[in-house]
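# model the following, please.
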Amino acid sequence: MSAVLLRLYSGISKVGARAVAVTYASIASTCPKTCPHLDGGCYARVARVAPIVSRLNSANASRMDAARAEAREIRHWARQAPKGHPLRLHVAGDCATSSAARVVSSACQAWPGPVWTYTHAWRGVLRAAWGSVSVFGSVEDMRHGRAALRAGYAPAAIVAEHPADGRAFTAHGVRWVPCPEQTRGVPCSECRLCFDAGALRARKTGVTFAAHGIARARVLRHLPVIP
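I've put the predicted structure just below:
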């Protein structure tokens, strides 16, 4: 049994059901133990993602074995992916070490379209380990946005709600852009904002996602700062 799953067509309307590929990895094997959402507030533990994660967790893979399995899946499906087809890494899971990030990002060089992801391990994983992958540092507190920028990552944060007009705003020294899918219904495959985290970082800009769905209450309990 594998600790990783790649779907060439995500089936997720938010990212683009038929326009984006996604990977899922075992949370138990790959997520940093320091993530405050591990025991509550994790979207990968609810709704239709939960059974997938449960199955991947049962593989009991080591961190590096999971990274190598993900790399194999990426290289395999890269041969079948349409040209320009985006890949969203880690609907569930992460790369908690620089070594794991290097293994996964190396495989992503074969992918025929943009690759993007979000990591809670940005404090301990070198940004360079992610190579050409567009990667955001997921901050649990918006006050940590500048620290993520200094570490080489554009920050991403969950907020209680977005401004009513959906426009960018500044908080804690960082300019934040509300997720266009949430504010205007534009899927990731069309928005493409997260496909170039480096450009956002250069502008000291991050992305926010409003807590939503059945996990909203639990997520809000894990937000130290609610703007």
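
# phi first, then psi, for the most centrally placed residue in the chain.
Closest residue to the average C-alpha location of the chain: residue 118 at 2.8 Å, with C-alpha atoms, centre = their mean. Note on residue 118: backbone dihedrals following degrees, to the nearest 10 are phi -130, psi 140.

# one more: residue 177?
phi -110, psi 120.

# show me the contacts for it.
Applying C-beta atoms under 8 Å, 6 or more residues apart in numbering, we find residue 177 in contact with 168, 193, 200, 205, 206, 207, 208. Any C-beta I mention is one placed from the backbone N, CA and C, and that applies to glycine too.

# ok, of those, which come out buried?
Among the contacts of residue 177, those classed as buried by 16 or more other C-beta atoms under 10 Å are 193, 200, 205, 206, 207, 208.

# from these, which land in strands?
205, 206, 207, 208 (DSSP state E).

# bridged to the second one, which residues?
Each beta-bridge partner of residue 206 is listed here: residue 176, as defined by DSSP bridges.

# hey, what's the nearest residue to residue 89 once chain neighbours are set aside bridged with?
Among residues not flanking residue 89 along the chain, residue 117 sits closest, at 3.7 Å (C-beta to C-beta, 6 or more residues apart in numbering). Counting by DSSP bridges, residue 117 is bridged to residue 135.

# measure how buried residue 117 is and give me the count.
Residues lying near residue 117 (other C-beta atoms under 10 Å) number 26.

# the one 4 residues further on now?
For residue 121, the count of nearby residues is 22 (other C-beta under 10 Å).

# same question, residue 191
16.

# got it, and the one 4 residues further on?
If you count neighbours by other C-beta under 10 Å, residue 195 ends up with 16.

# still on that earlier bit, mind listing what the residue nearest to residue 89 touches?
Counting by C-beta under 8 Å, 6+ apart, residue 117 has contacts 88, 89, 90, 133, 134, 135, 136.
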